[in-house]
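**Q** The following block contains a protein sequence and its predicted model.
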Amino acid sequence: GESVGLHLPTLSVQEGDNSIINCAYSNSASDYFIWYKQESGKGPQFIIDIRSNMDKRQGQRVTVLLNKTVKHLSLQIAATQPGDSAVYFCAENGSNDYKLSFGAGTTVTVRA
Amino acid sequence: KAGVTQTPRYLIKTRGQQVTLSCSPISGHRSVSWYQQTPGQGLQFLFEYFSETQRNKGNFPGRFSGRQFSNSRSEMNVSTLELGDSALYLCASSLAGSGPDEQYFGPGTRLTVT
């Protein structure tokens, strides 16, 4: 079926290390992907997006990688900071369906 | 530029009642989407509006409805509330003329049904 999911529900990382959060999707028609960060008591915050005609996109301290062959998406956070502690969601959007389908989320905890 | 705003932020209702939630998108954004977030089901799409027209609808019962006004503000209504409707209701806005683009979320309305 059409779904987006994350490989691990939790991730613990040492402050200063790099984090990698993974996501698998099953809808081969998906052509737009977004990573969101959600802190407690807040709505999801846009981090970075990527379209299906790309395989890598970089932002400030974040990189998204898209492997369409195996339908895999990842978010890399460089030099993880305590403020990066949150739940991270990947979301996908198919062509012209005007909705996002979200994965279950990965809770990232940064250890001092 | 102000972000997406949602009112009220918290709401407590009893079973059988109805509720209306409001969302004001980012200025210039014409698309508004609604999502329900629960611990068990995660984030689930409810519906999306653009220029006062519903363009897509998720798999929710007819008790869930919405509308969009000419100024792009949107409301969603839930009638005959059930305990299972307790959730965080999130609104997101985007420019979204055609095709997908960035959606920006509001802080949500926390609905508790007792």
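**A** Looks like it arrived, so ask away. Numbering: from 1, shown residues only, chains lettered A, B, ... in the order given.

**Q** Flag every residue of chain B that's near chain A.
**A** B:4, B:31, B:33, B:35, B:42-45, B:48, B:50, B:55-56, B:58, B:90, B:92, B:96, B:98-108 (CB under 8 Å from any CB of the partner chain). C-betas here are computed from N, CA, C, even on glycine.

**Q** Just the buried subset of the residues you listed, please.
**A** B:4, B:31, B:33, B:35, B:42-45, B:48, B:50, B:55, B:58, B:90, B:92, B:96, B:100-101, B:103-108 (16 or more other CB atoms under 10 Å in any protein chain shown).

**Q** Could you pick out the residues of chain A near chain B for me?
**A** Contact residues, chain A versus chain B (CB under 8 Å from any CB): A:31-32, A:34, A:36, A:41-46, A:49, A:89, A:91, A:93-105.

**Q** Return the subset of those residues lying in strands.
**A** A:31-32, A:34, A:36, A:45-46, A:49, A:89, A:91, A:93-94, A:101-102 (DSSP state E).

**Q** In JSON lines: these, plus pLDDT and neighbour count.
**A** Supplementary listing: those in JSON lines, determined by pLDDT from 0 to 100; neighbours: other CB atoms under 10 Å in any protein chain shown:
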{"residue": "A:D31", "pLDDT": "88", "neighbour count": "17"}
{"residue": "A:Y32", "pLDDT": "91", "neighbour count": "18"}
{"residue": "A:I34", "pLDDT": "94", "neighbour count": "23"}
{"residue": "A:Y36", "pLDDT": "96", "neighbour count": "26"}
{"residue": "A:Q45", "pLDDT": "95", "neighbour count": "14"}
{"residue": "A:F46", "pLDDT": "93", "neighbour count": "16"}
{"residue": "A:D49", "pLDDT": "94", "neighbour count": "20"}
{"residue": "A:F89", "pLDDT": "94", "neighbour count": "26"}
{"residue": "A:A91", "pLDDT": "93", "neighbour count": "27"}
{"residue": "A:N93", "pLDDT": "86", "neighbour count": "23"}
{"residue": "A:G94", "pLDDT": "75", "neighbour count": "17"}
{"residue": "A:S101", "pLDDT": "90", "neighbour count": "23"}
{"residue": "A:F102", "pLDDT": "91", "neighbour count": "23"}
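
**Q** And those residues, which is closest to A:I21?
**A** The shortest gap between A:I21 and any of those belongs to A:F89, at 9.5 Å (CB to CB).

**Q** Now do the contacts for that closest one.
**A** A:L6, A:W35, A:Y36, A:K37, A:Q38, A:P44, A:F102, A:G103, A:G105, A:T106, B:L43 (CB atoms under 8 Å, 6 or more residues apart in numbering or on different chains).

**Q** next one: B:G108
**A** A:K42, A:G43, B:Q6, B:R9, B:Q37, B:L88, B:Y89, B:L90, B:C91.

**Q** still on that earlier bit, and of the contacts of A:F89, the nearest to A:V64?
**A** Using CB to CB, A:W35 comes nearest to A:V64 of the contacts of A:F89, at 6.1 Å.

**Q** Beta-bridge partners for the closest residue to A:K71 other than its chain neighbours, please?
**A** Nearest residue to A:K71, sequence neighbours excluded (CB to CB, 6 or more residues apart in numbering or on different chains): A:Y25, at 5.0 Å. On the basis of DSSP bridges, A:Y25 is bridged to A:V4.
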